[in-house]
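>>> Have a look at this fold, sequence not included:
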C-alpha cells in the first residue's frame, strides 16, 4: 500500500518535470535554451519515474535493470545534447529550424 | 440508455479502436503518397501505410479475452524487419537517382531548361507524352 | 473497460495520426524525418498497449532507431550530392546553412499542387472507408492463439512468438532473412560506398561515450537474444541493438574505421540464411519436413539459428547504412 502510494507520487512528480521540459522545448527561443530545458527536466523526470517503478519491482534484478535504463538514457542524452549544441555552435542554427 | 453505453464500450474497445486508427493511417499514407513529390517523402508515406497495416494486425490480434494472437504478432515482427530492408534499398536508389539526375523529385510535366543534359527524366516525360504543366515546373529544385 | 484507459487510447491514437499527418504535410524533409522518428516511438507505445512487447521492442529499435538513422544519413547524402553538383567540386562539405538558399532547397519539397487535392482526397477516403467498414464487420474469432498454445510443448521454447517465428512458421522467418540479404545485394549493386558525409563532433565526448556504450550494447543484445526463448526478445531485436551499436561506431569515426575484410563479412551476412537452409534441408532428409525439427533438437537448433540470424541482421543493417559495396574488395 505504501509502495503503491510512493509509486504514484513519484511518477506524478516525474511527469511534472516531463511537462515542464516539453513546455520549454516548445516555447524557448533558441537551440541552447531548448536543450537546457529538455535535458535537465527529462533526466530528473525519468529518474523519478524509474524510482517510482522500483517500488513495483519483483526483485533486485528488476531494480538493477531499471537503474541501467536510467543510466543509459543519461549517457545517451548527455552525448546527444552535447553534439547538437556543438553542431549549432560551429554551423549556426538550421535555417529550417523555425 | 444502457444499450448506448454498451455500444460505446464496444466501439472504444482496443480491438476495434486500434484497427480503425490503422485504417486511418493507411489512408493518410496513401494520400501523402499520391500528393507529395519528393521520393524520400513518398518512402515515408509508404512506411506510414505499413505501420497502419501493422496496427490493424495487432489490434485484431488483441481482440477477445485471452492473450493476443502470437501468429499475428510474429507476422508483424517479420513485417517490420522487411519494411526496414525495403526502406534502406529504396533510399539507396534515391541517392543513386540523385547522383545521376541531380534531384530526387518526381514531378509531372517537363523539367526546366537549366536542368543538366543527362537528366533522364526528360526522356521519360517525353516518352509517355504527359502534358506540360508550367505551374509545377517552377517548383523544381535545381 | 476502463474510462482512463479509453482516454489514453484516444489521446495516443490522436497523437499518432497527428504526427503522421504533420510528417507528410511537411515541406522540410529534415522536419519530416524527425516527425517520422517520433511517429515510430509513439507506435512502440501503442504496441505495448496492445500487449505486444516484442513488437514494441522491434519498433523502437528498428522502426524508429535504425530507419531514422537511415533516413538522416540519406538526407545528408542528398545534401552533399546537391552541393557537389552545384559547385562542380567533388567532396564539398555540406553547405553552410547560412549560405545560398538554392543549396538547401534540395531538402525541401514544395507543397503539392492544388489540382491533385480532390482526387487524392477522394481516393484515400474511399479506401479508408472501405477498410474501416470491413474491419467493423469482421466476424469474431479466437485467432490462432489456442492452436499455438496447444503445441507449445513441442516447440522447444517457452515464448509463443519465438515458437511461431522459428518453429511453426519458420518459412516466414527464413524468407525474411533472405529479403534482408536481397535488399543489401540490391544496395551493393548500385556501386561502391562513398564516405558517409557526416562529420563526427570533435572532442572526446562521443568516442568516450561510445567506449562505454558499445560493450553495454553487446551485452544487452546477447541478453535479449537469450531472453527470446522464454520472454519478449529474440533474434530481430538483438540484431537491431547490435546493428545500432555498429552504426554508432561507423558514425563516430567514418574515416578511421578499418576496412571490413570481404570474406568474413560476406560469410557473416549470409550465415543466417545459409544455416537456416541447412537446418531446413536436414529436416527434409530426416523426415520432419522442410524446416521441421526433431522435438528433442528443437531448442538447440533454434538457438543456433537465432545466433546466426542475429549476426546476419546486425551486419546487414550496418552494411545497409553504409550502403554500397565495400571498397578495395573485388572478389
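Nice, I can see it. None of the values given here were measured: they were computed from a predicted structure.
>>> Residue 71: how many residues sit nearby?
As the question left the chain open, I've gone with chain A. Using other CB atoms under 10 Å in any protein chain shown, residue A:71 is surrounded by 14 other residues. In this view, the C-beta of every residue, glycine as well, is placed from N, C-alpha and C.
>>> Chain B was what I was after
Using other CB under 10 Å as the criterion, the residues surrounding residue B:71 number 22.
>>> which residue sits closest to it, ignoring its sequence neighbours?
residue C:144 (4.3 Å; CB to CB, 6 or more residues apart in numbering or on different chains).
>>> cool, residue B:93 as well?
residue C:190 (7.1 Å).
>>> now swap in residue B:30 and tell me
residue C:124 (4.9 Å).
>>> Likewise for residue C:279?
In space, residue C:279 is closest to residue C:301, 5.6 Å off (CB to CB, 6+ apart).
>>> now swap in residue A:8 and tell me
residue A:52 (7.5 Å).
>>> which residues sit against stretch A:1-19?
A:41-42, A:44-49, A:51-53, A:55-56 (CB atoms under 8 Å, 6 or more residues apart in numbering or on different chains).
>>> quick revisit: thought the residue nearest to residue C:279 was touching residue C:293?
Yes - using CB atoms under 8 Å, residue C:301 makes contact with residue C:293 at a distance of 5.1 Å.
>>> And the residue nearest the centre of chain B?
Nearest residue to the geometric centre of chain B (CA atoms, centre = their mean): residue B:46, 2.0 Å.
>>> and the gap between that residue and residue C:36?
From residue B:46 across to residue C:36, the span is 11 Å (CB to CB, to the nearest Å).
>>> Surely residue C:282 is in a strand?
No - secondary structure of residue C:282 (DSSP: H, G, I helix; E, B strand; the rest coil): helix, not part of a strand.
>>> ok, now how distant is it from residue C:173?
Distance from residue C:282 to residue C:173, by CB to CB: 17 Å.
>>> Likewise for residue C:272?
Counting by CB to CB - residue C:272 and residue C:173 are separated by 9 Å.
>>> How about residue A:40?
From residue A:40 to residue C:173 the distance is 44 Å (CB to CB).
>>> So for these two, which sits in the more crowded spot?
Higher neighbour count among residue A:40 and residue C:173: residue C:173, with 27 against 15, using other CB under 10 Å.
>>> okay, and the common contacts of residue C:272 and residue C:173?
residue C:309.
>>> what is the rounded mean pLDDT of the top helix by length along chain A?
Longest helix in chain A by number of residues (criterion: DSSP state H): helix A:60-91. Computed over helix A:60-91, the mean pLDDT rounds to 86.
>>> do that helix and chain C meet at all?
Yes - judged by CB under 8 Å from any CB of the partner chain, helix A:60-91 and chain C are in contact via A:68, A:72, A:75-76, A:78-79, A:82-83, A:86-87, A:91.
>>> Show me what secondary structure element comes after the helix or strand where residue C:278 lies.
Using DSSP states H and E, residue C:278 maps to helix C:262-286. Downstream of helix C:262-286, the next assigned helix or strand under DSSP H and E is helix C:298-322.
>>> Tell me how far that next one lies from the chain's centre.
Mean-position distance between helix C:298-322 and its chain equals 13 Å (CA atoms, centre = their mean, to the nearest Å).
>>> Tell me which other helices or strands it touches.
Here helix C:298-322 touches helix B:70-101, helix C:67-87, helix C:170-188, helix C:205-227, helix C:235-252, helix C:262-286, going by 3 or more CB pairs under 8 Å, 6 or more residues apart in numbering or on different chains; DSSP states H and E.
>>> Go again with 7 Å.
helix C:67-87, helix C:170-188, helix C:205-227, helix C:235-252, helix C:262-286 (3 or more CB pairs under 7 Å, 6 or more residues apart in numbering or on different chains; DSSP states H and E).
>>> Redo these as JSON lines? Include mean pLDDT.
What follows is the helices and strands packed on helix C:298-322, written out as JSON lines (pLDDT from 0 to 100):
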{"stretch": "helix C:67-87", "mean pLDDT": "84"}
{"stretch": "helix C:170-188", "mean pLDDT": "91"}
{"stretch": "helix C:205-227", "mean pLDDT": "87"}
{"stretch": "helix C:235-252", "mean pLDDT": "88"}
{"stretch": "helix C:262-286", "mean pLDDT": "87"}
